[in-house]
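Colleague: attaching a predicted model along with its sequence, questions to come.
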Amino acid sequence: MSGEMDGAIATAGGRRAGLYERLIVDLDAAGARYRLMDHPPEGRTEVVSSLRGHDVAQAAKCLIVMVKIGKKRTRYVLAVVPGDARLDLEAVKELLEGTYAAFAGRDKAEELAGSPSGTVLPFSYHPRLELIADPALLRSPELFFNAARLDRSIALSTDDYLRLADPRLAPITTP
């Protein structure tokens, strides 16, 4: 799932749809098994998991990481981990053979993700955003995540997530 940098797509009427609409179009086109859930606006993993009625471990927590490769090169990673796990920045740095890793600033993260903090999708729609998922995320048959909106979530088949997102799988959480 890659394409225009801002995550928008042109609709039949020429109107530009947002990232949420683009995701739904992509999921439908691929025959993905998913369901939508409306809830009060919330972006914190633990709280929204409770609102959606599932264990926090089934949430796909999405974090944008900046990795420096030497002094002149920077790579960005969309790290997707279970909602009850902590991202291991050192593991991400080592995986990319970097010299430094840190969470990207909010403005940069939102620019690369195409959506506000708390609504980042576990899919990368930006060519500079590498997708890495922790294998522990795959323990559940369904993943839950905010759908580029604070008031709507998606429960997506884990098999379909793997097929459509095609993430690099690597252990990137702390034990």
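Modeller: Done, it's in. In this text the structure is predicted, and so the values were computed from the model without any measurement. Numbering: from 1, shown residues only.
Colleague: what residue is smack in the middle of this protein?
Modeller: Geometric centre of the chain, nearest residue: Pro122, 2.1 Å, by C-alpha atoms, centre = their mean.
Colleague: show the pLDDT at that residue.
Modeller: Per-residue pLDDT puts Pro122 at 97.
Colleague: which secondary structure element is home to it?
Modeller: Assigned by DSSP states H and E, Pro122 belongs to neither a helix nor a strand.
Colleague: tell me who's in contact with it.
Modeller: Ala60, Cys62, Leu78, Val80, Leu131, Ala133, Leu143, Phe145, Tyr161, Ala165, Pro167 (C-beta atoms under 8 Å, 6 or more residues apart in numbering). Quick note: C-beta positions are derived from backbone N, CA and C, even for glycine.
Colleague: so who does the nearest residue to the last one once chain neighbours are set aside touch?
Modeller: Nearest-residue entry for Pro167: Ala133, 3.8 Å, with adjacent residues in sequence omitted and distances by C-beta to C-beta, 6 or more residues apart in numbering. Shown in contact with Ala133 (C-beta under 8 Å, 6+ apart): Ala79, Val80, Val81, Pro122, Ala165, Pro167, Arg168, Leu169, Ala170.
Colleague: may I have the phi/psi pair for Ala133?
Modeller: The phi and psi torsions at Ala133 (degrees, to the nearest 10) take the values phi -120, psi 140.
Colleague: and it, how far from Val81?
Modeller: Using C-beta to C-beta, to the nearest Å, Ala133 is found at 8 Å from Val81.
Colleague: repeat for Ile24
Modeller: 24 Å.
Colleague: these two: who's more crowded?
Modeller: Each of Ile24 and Val81 has its neighbours counted (other C-beta atoms under 10 Å); Val81 has more, 25 against 17.
Colleague: now the more buried one, nearest residue through space, not along the chain?
Modeller: Closest to Val81 by C-beta to C-beta, 6+ apart is Asp134, at 4.6 Å.
Colleague: fine by me, thanks again.
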